[in-house]
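Visitor: Sequence and predicted structure are below.
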Amino acid sequence: MMADIVEAGLIYFGKDGNAVPSRKQYLADIEGVVPWTWWPHEEAGHTDEAKRESQEIFGTELAFATPKPERLLQRIIHIATNPGDLVLDSFAGSGTTGAVAHKMGRRWIMVELGDHAKTHIVPRLCKVIDGTDPGGVTEATGWKGGGGYRFCRLAPSLLERDAWGNWVVSKDYKPEMLAEAMCKHFNYAYDPSTEHYWMHGQASETSFIYVTTASLTFEQLRALSDEVGENRSLLICCMAYEPQGETLTNLTLRKIPRVVLDRCEWGKDDYSLRIDALPMMAEEEPEAPAQKRVPKPKPGAAGDLFDNGEEV
């Protein structure tokens, strides 16, 4: 085998023929090339190109101040991902990342706290989806239009601190909403019992969840354990608990996750909006009606706090 490789000219022994042998590779045998750290504008675009792309999409007056050329994002996405992968841009700006990812067959999430979300990103993605955005990498990717997305807003914080610094349910919400949010977070079906105060939801006939903003003592936890009994289990989500409670075998103790404390997409049946019905600048206009109600999570179903199982 070694003689065949040498005969094929795939081994290099150095200029004097006495160096440690190394394997040769020819460009013709390599799929792609290792990316360089220096990308000339002929390959990745430049500022003027990005400005022209922005002006073609938004017009001269509304053109984004600091756009990136689509060719630059195309190269980055091509190097780092495969078709179908998920691309995240936490500072979306004018939506270049999402637009290019969409044209390249990637899924994407963009986050933007400024007005750019409506003044730039939405109209840009509408053109991409409608196939009316001829600029950027549209021709290079063979993009003809299609697809869709969901536009979501974060609701106000579910909890707030009271005068003594304790976490309490915000006055804008009902306490039941916290229990329902935690059921969704842990994949329990929200089904509060009228007989037992500690049954807020269930994952099976013998597995239940209890949500409270209280800090539970060991005595309180032991009383709950006695009431739950040996043949049932209870997941308790609370603000804090005494560690001795972890010795109670029919209880599982969890602190309410920070993601729920800080921000929670809750309070409506559905936060997604249809693209063609999105209010562009009228802040006070009512949102488009939800397509359908969020289904109750089935016990053991996969998902997370911000996944309502629907697509637009």
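Guide: Thanks, I have it.
Visitor: can you pull out the helices in this structure?
Guide: 2-7, 41-44, 47-58, 70-80, 96-103, 116, 122-130, 138-141, 175-185, 218-228, 258-262 (DSSP state H).
Visitor: got a list of contacts for the shortest one?
Guide: To tie it back to what came earlier, the one meant is helix 116. 64, 92-95 (CB atoms under 8 Å, 6 or more residues apart in numbering). C-betas here are computed from N, CA, C, even on glycine.
Visitor: could those go into a markdown table alongside neighbour count and distance to Gly147?
Guide: Below are the contacts of helix 116 laid out as a markdown table (neighbours: other CB atoms under 10 Å; distance: CB to CB, whole Å):
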| residue | neighbour count | distance to Gly147 |
| --- | --- | --- |
| Phe64 | 22 | 22 |
| Ala92 | 22 | 17 |
| Gly93 | 19 | 20 |
| Ser94 | 26 | 19 |
| Gly95 | 26 | 14 |
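Visitor: Flag the least confident of those.
Guide: Taking the contacts of helix 116 together, the minimum pLDDT is found at Phe64 (89).
Visitor: List the single closest residue to it in space, sequence neighbours excluded.
Guide: Ser94 (3.8 Å; CB to CB, 6 or more residues apart in numbering).
Visitor: Hmm, that neighbour is touching Ile121, no?
Guide: Yes: counting by CB atoms under 8 Å, Ser94 touches Ile121, with 6.8 Å between them.
Visitor: Give me the neighbour count for Ser215.
Guide: For Ser215, the neighbour count with other CB atoms under 10 Å is 14.
Visitor: again but with Ser54, I slipped
Guide: When neighbours are defined as other CB under 10 Å, Ser54 has 25 of them.
Visitor: Kindly report the same for Glu176.
Guide: Glu176 has 13 nearby residues by other CB under 10 Å.
Visitor: quick one, what contacts it?
Guide: The neighbours of Glu176, taking CB under 8 Å, 6+ apart as the test, are Pro192.
Visitor: how near is it to Ala44?
Guide: Relative to Ala44, Glu176 is positioned 53 Å away (CB to CB, to the nearest Å).
Visitor: and if you look at Leu248?
Guide: Counting by CB to CB, the gap from Leu248 to Ala44 is 60 Å.
Visitor: Please apply the same query to Leu113.
Guide: Leu113 is 28 Å from Ala44, where distance means CB to CB.
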